[in-house]
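Asker: Predicted structure and sequence below. I'll ask about it afterward.
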Amino acid sequence: LATRLRAMDTQGIDMEALSINPFWYRTDRDKTAEIVRLNNEALVEICARNPDRFVAFASVALQFPDLAAQQLEHAVKNLGARGASIGGHVNNEPPTSEKYDPFWAKAEELGVPVFMHPNNALNVARDGALDGRGGLGNIVGNPLETTVFLSRMIFDGTLDRFPRLTVCAAHGGGYITSDLGRSHAPCIVRDDANCANKRKPSEYFKDRIVVDSMVFSSEGLRHLVAETGVTQVVYGSDQPYFWPDTIDLIVEAPFLTNEAKEAILGGNLRRMLRIDG
C-alpha cells in the first residue's frame, strides 16, 4: 500500500478507484462466494484506512447472476462500494443475454456503474493466435475483447433493457470507438444482423458508455473525445502495471478547454462514483 501511495503522489493522483480483475468465473458457487467476500472486505478495509485516497469497485460472481446481484447490493449498501468490476465474458459467453439481467437490473436499481476490464480476448481468439512477439494478447486482445463486449451490450439490446445503466470500458472503449460508422451499418444493410438495439451505436457513447483515456496519443484522445463527448471520457492509470501515463496527454491537449481537462482528469469520475469534494 505504501508503494501504491508513493506512486500516486509522484503522478499527482489524488484518488484511485480500485478493482480486481476476475479470475473466479470457472469456480463453483460456494468457493466463488468466498473469494468475492474476501476481495470486497479487503478492498473496503483499504478504502477505510485511506478514505481520501481510495474508493472501490465490488467483485461479483457473474457466472451466477442472481448471486452477483446479491453481492453487489451488499457491497454498495453495506460496504460502501461505488460500483462493480467485471470481465468482458463469462467462460466465453457474453454477459448480455437475459440470463444476466438480474445483475444488470441490480446495478441499474442501485444507480452504480459497472466497470469492464478484459483478459486478452480469450473468448475471441483461437488458442495461440495472439502468442509470440509483441505481447499481442494484451496489445491486440484486450481492446478486441472490449470491442466485442460493448458491441454485444449494444446489439443484444442490454443497454436498452436497462436505460439507466452506465457501463465504463477500459482501453478507450477498444476499437469500436475508432470505427463507429461501421457499427452503424449492419442493422441497416444486413438482413441477418438481427439487431436488438433501438438507437444508433454511437448514441450510446454519448450518455450510457464511459471510456477511459488509455489511448496513448494526442490524435487518439482527440478522436475519442470527438466521438463520445467530454463527459464520457475518464482518466485511467491501470496501476500497478507500467503503461504510458496519459495525464500529460490530457493536460497538454490543445483541443481541450481547461474545463474539459478537469472533467476528464477527475470531474467525470467524481460525478459517476459520487465522490464529494
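Answerer: On my side now, so go ahead.

Asker: Only C-alpha atoms from now on, for both contacts and neighbour counts.
Answerer: Will do.

Asker: check contacts around the nearest residue to Phe216 once chain neighbours are set aside.
Answerer: Ranked by CA to CA, 6 or more residues apart in numbering and with sequence neighbours excluded, the top spatial neighbour of Phe216 is Thr246, at 6.3 Å. For Thr246, the contact set (CA atoms under 8 Å, 6 or more residues apart in numbering) comprises Ser213, Met214, Phe216, Tyr235, Gly236, Ser237.

Asker: Quick one: buried ones out of the residues you listed?
Answerer: Ser213, Met214, Phe216, Tyr235, Gly236, Ser237 (16 or more other CA atoms under 10 Å).

Asker: Buried residues of the helix or strand of the chain with the lowest mean pLDDT, list them for me.
Answerer: Sorting the helices and strands of the chain by mean pLDDT, DSSP states H and E puts helix 186-189 at the bottom, at a mean of 87. Using 16+ other CA under 10 Å as the test for burial, helix 186-189 gives Cys187.

Asker: repeat for stretch 137-154
Answerer: Buried residues in stretch 137-154, counted by 16+ other CA under 10 Å: 137-138, 140-154.

Asker: What residue in the chain is the furthest from its centre?
Answerer: In the chain, counting by CA atoms, centre = their mean, Asp191 sits farthest out from the average C-alpha position, at 31.1 Å.

Asker: Could I have the CA atoms of the longest helix seen in the chain written out in PDB?
Answerer: In the chain, with assignment by DSSP state H, the single longest helix is helix 29-49. Extracted in PDB, the C-alpha atoms of helix 29-49 (Å, rounded to 0.1, in the frame of the first residue of the first chain):
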ATOM      1  CA  ARG A  29     -20.700 -21.200  -6.300                       C
ATOM      2  CA  ASP A  30     -19.600 -21.600  -2.700                       C
ATOM      3  CA  LYS A  31     -15.900 -21.000  -3.500                       C
ATOM      4  CA  THR A  32     -16.700 -18.000  -5.600                       C
ATOM      5  CA  ALA A  33     -18.800 -16.600  -2.900                       C
ATOM      6  CA  GLU A  34     -15.900 -16.800  -0.500                       C
ATOM      7  CA  ILE A  35     -13.400 -15.300  -3.000                       C
ATOM      8  CA  VAL A  36     -15.700 -12.400  -3.600                       C
ATOM      9  CA  ARG A  37     -16.300 -11.900   0.100                       C
ATOM     10  CA  LEU A  38     -12.600 -11.800   0.800                       C
ATOM     11  CA  ASN A  39     -12.000  -9.400  -2.200                       C
ATOM     12  CA  ASN A  40     -14.600  -7.000  -1.200                       C
ATOM     13  CA  GLU A  41     -13.800  -6.900   2.500                       C
ATOM     14  CA  ALA A  42     -10.100  -6.300   1.800                       C
ATOM     15  CA  LEU A  43     -10.900  -3.500  -0.700                       C
ATOM     16  CA  VAL A  44     -13.200  -1.900   1.800                       C
ATOM     17  CA  GLU A  45     -10.500  -2.100   4.500                       C
ATOM     18  CA  ILE A  46      -8.000  -0.400   2.300                       C
ATOM     19  CA  CYS A  47     -10.500   2.400   1.500                       C
ATOM     20  CA  ALA A  48     -11.500   2.800   5.100                       C
ATOM     21  CA  ARG A  49      -7.800   3.300   6.100                       C
END
